[in-house]
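Give me a 3D structure for the following:
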Amino acid sequence: MPEPSSPLPAESWPYVQILVRLALALALGLLIGLERERRGKEAGLRTFGFVALLGALGGSLGTPFALATMALTGMLTVVLNVQTLRANQGAELTTSAAMLVTCMAGILCGLGHTISPAAVMVIATALLAWKERLAGFSMGLSEGELRSALLLAILAIVIYPALPAGPIGPLGLVEPRAAWVTVILIAGIGFVNYILWKMYGTRGAELSGFLGGLVNSNFTVIEMASRVRQSAGALQGTAFRGILLATAAMLLRNAALLAILAPLALLGSLGAFGLMLLRCVVLVLASLRGRRGLPPVQAPAITLDLPFSLPQALKYGVVFLLLHVVGALTQRQFGDAGFYFVSVVGGLMSSASAVAAAATLAAQGSLAPGVAGTGAVLASFTSMAFSLSFVLRTRERGLILRLGAAMLGVAAAGLAGLLLARQLEPWLTQWLPALGRLHS
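Numbering: from 1, shown residues only. From the prediction side, this is the model:
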């Protein structure tokens, strides 16, 4: 006589997958719990591990259980705050928020996500671990710096959606949204680098020069040159290394703009940028070895203006649009030579805008990627020569000759990289279509 079937539903449980998800949630919970434990908080390693596991179980069982785990975690945070308030220790708002984030990350792990919950938990742990540094940075912000950040957000979030999409004008050379994205990108990179310079720029002359070069290489060179004049030539070695590192930062920023806006354009100029950066680093290391045993030199006090303001944004926009339109027209009328001429002239105004214009033309298909990469290198050459002109004002013959020879060496390395790219052009031509399809 056959046994009656059970009225309860049977569920096939994927044990291996669930165990992997639980293990990931537990690891992420222990990561943030370790930081809380080191701080001596009531909710520490085990509590956050349990919260992450609870979230992972809720996510694995379905939406109703996931919501229930969030509610239970919320109740746990209430109990935690009641205990700390009774002990006159204040509310644990940060720890409570971290517990809710941990529960949500555990739910994502239970649903099968991996990268997103891991990224969230790493960011949350960093925010907790950098409490003192973030607090000190926020207290050190000036009113102008805060307004600059708000203006950047407004122009990126409010103005951009209101701009017309696609090309406008009789020749179709201007794309307002593309131009505005480029302006925001350049200004955003400068603003982030300004923050890094403000946080770490006083830790050494070399680091100060590099971070200052990421913000504005010309202003950094001007400041370095003025410090040499004020010290009657005593800071020549420091200025030499600082200016070289500011140049390296400018090259790195221009290469990054190409990589973001037109990766294929960077491919043909990667050798040039790489050799120029390598040459700068070698010269700086040789200079540091030459001063071994000497007392450390205090970092020159570099004063940089805010990298982002409304006039600065309009300047970037005008220069970018001018170079974009003129570069496209000269390329149509005079070929690649006309575009190269515009890139050289554009480097005098703003190498970042010149590189961004070249990359945008390449991304739109109006310019060959190799031509755009070469134009970016030429604009960098012009920026280097323009920066060197400020060193002439120091009237320090030794520094002028030393930096002039160094800049010629860096430019020679860039030309060698361009010639190497020309030799490899047939091979690159075969691979560019496949890379373009992969990028799209």
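
ok, Ala356 - contacts?
182, 185-186, 257, 261, 320 (CB atoms under 8 Å, 6 or more residues apart in numbering). Glycine gets a C-beta too; all of them are placed from N, C-alpha and C.

pLDDT below threshold where in the stretch 201-350 of the chain?
Residue ranges of the stretch 201-350 of the chain with pLDDT under 70: 201-207, 209, 213, 215, 227, 230-235, 290-314, 316-317.

that older thread, right, and out of the contacts of Ala356, which lies closest to Leu128?
Leu185 (30.3 Å; CB to CB).

Where does the record place the domain boundaries for the protein?
The record's domain split for the chain, according to automatic domain parsing, is 15-129, 144-439.

just to revisit the earlier point, so which of the contacts of Ala356 comes closest to Gly49?
Among the contacts of Ala356, and counting by CB to CB, the member closest to Gly49 is Leu185, at 40.7 Å.

what's the distance between Arg332 and Leu150?
41 Å (CB to CB, to the nearest Å).

okay, those two: which has more neighbours?
Legend: neighbour count by other CB atoms under 10 Å for Arg332 and Leu150, higher for Arg332 (13 against 10).

What strand or helix carries the more buried one?
helix 310-334 (DSSP states H and E).

any idea of the angle the helix or strand just after that helix forms with helix 310-334?
Downstream of helix 310-334, the first helix or strand assigned by DSSP H and E is helix 336-349. Put simply, helix 336-349 runs at 160 degrees to helix 310-334, going by axes from the mean of the first three to the mean of the last three CA atoms, to 10 degrees.

Give me the residues contacting helix 336-349.
By CB under 8 Å, 6+ apart, helix 336-349 touches 319, 323, 326-327, 330-331, 334, 353-354, 357-358, 367-368, 371, 374-376, 378-383, 386.

Filter those down to just the ones in helices.
Among these, the members falling in helices (DSSP state H) are 319, 323, 326-327, 330-331, 334, 353-354, 357-358, 371, 374-376, 378-383, 386.

Can you flag the buried ones in the residues you listed?
319, 323, 326-327, 330-331, 353-354, 357-358, 371, 374-376, 378-383, 386 (16 or more other CB atoms under 10 Å).

Work out the gap between the helix or strand Leu285 falls within and the centre of the chain.
Taking DSSP H and E as the definition, Leu285 sits inside helix 263-290. Relative to its chain's centre, helix 263-290 lies at 19 Å (CA atoms, centre = their mean, to the nearest Å).

repeat for stretch 39-49
Mean-position distance between stretch 39-49 and its chain equals 33 Å (CA atoms, centre = their mean).

List the buried residues in it.
So stretch 39-49, judged by 16+ other CB under 10 Å, has buried residues 41, 43-45, 47-49.

Correct me if wrong, but Ala43 is in a strand.
No. Using DSSP: H, G, I helix; E, B strand; the rest coil, the assignment for Ala43 is coil, not a strand.

Contact partners for it?
With CB under 8 Å, 6+ apart, Ala43 has these contacts: 33, 36, 80, 92, 95, 99.

Tell me the one of these nearest Gly62?
Met99 (21.9 Å).

check which helix or strand covers that closest one.
Going by DSSP H and E, Met99 is in helix 93-110.

what packs against that helix?
Using 3 or more CB pairs under 8 Å, 6 or more residues apart in numbering; DSSP states H and E, the elements in contact with helix 93-110 are helix 15-38, helix 45-61, helix 63-86, helix 115-129.

ok, Val221 - contacts?
243, 246, 387-388, 390-391.

Kindly recompute the last result at 6 Å.
Residues near Val221 by CB atoms under 6 Å, 6 or more residues apart in numbering: 243, 246, 387, 390.

Tell me which two in the residues you listed are the farthest apart.
Ala246 and Phe390 (10.9 Å).

So which of these two has more stuff around it?
Ala246 (29 against 18).

Next one: that one relative to Asn81, how far apart?
Taking CB to CB, one finds Ala246 at 50 Å from Asn81.

Kindly report the same for Leu378.
Remark: distance between Leu378 and Asn81 (CB to CB) = 62 Å.

mind listing what's buried in whichever strand or helix holds Leu252?
Secondary structure from DSSP H and E places Leu252 in helix 236-261. For helix 236-261, the neighbour count (16+ other CB under 10 Å) marks 236-258, 261 as buried.

go on, stretch 360-378?
360-364, 366-378.

State the three-state secondary structure for Leu419.
Applying three-state DSSP: Leu419 is helix.

how many other residues sit next to it?
12.

measure it to Thr382 for me?
19 Å.

Going by neighbour count, list what's buried in stretch 383-398.
383-384, 386-388, 390-391, 394, 396.

Next, Arg39: phi, psi?
The phi/psi pair for Arg39 (degrees, to the nearest 10) reads phi -80, psi -10.

could you check the distance from it over to Ile32?
Applying CB to CB to Arg39 and Ile32 gives a distance of 11 Å.

Please report how far Ile123 lies from Ala52.
Relative to Ala52, and taking CB to CB, Ile123 is found at 15 Å.

ditto for Gly347
Distance from Gly347 to Ala52, by CB to CB: 52 Å.

the more surrounded of these two?
Taking neighbours as other CB under 10 Å, Gly347 and Ala52 compare with Ala52 leading, 32 against 27.

who's in contact with the more buried one?
25-26, 28-29, 102, 106 are the contacts of Ala52 under CB under 6 Å, 6+ apart.

Kindly recompute the last result at 8 Å.
Ala52 touches 25-26, 28-30, 102-103, 105-106, 109, counting by CB under 8 Å, 6+ apart.

What about the spatially closest residue to it that is not a sequence neighbour, how many residues nearby?
Counting by CB to CB, 6 or more residues apart in numbering, Gly29 is the residue found nearest to Ala52 once chain neighbours are left out, at 2.7 Å. With neighbours defined by other CB under 10 Å, the count for Gly29 comes to 29.

Gly29 contacts Gly106, doesn't it?
Yes. Between Gly29 and Gly106 a contact is recorded at 6.7 Å, counting by CB atoms under 8 Å.
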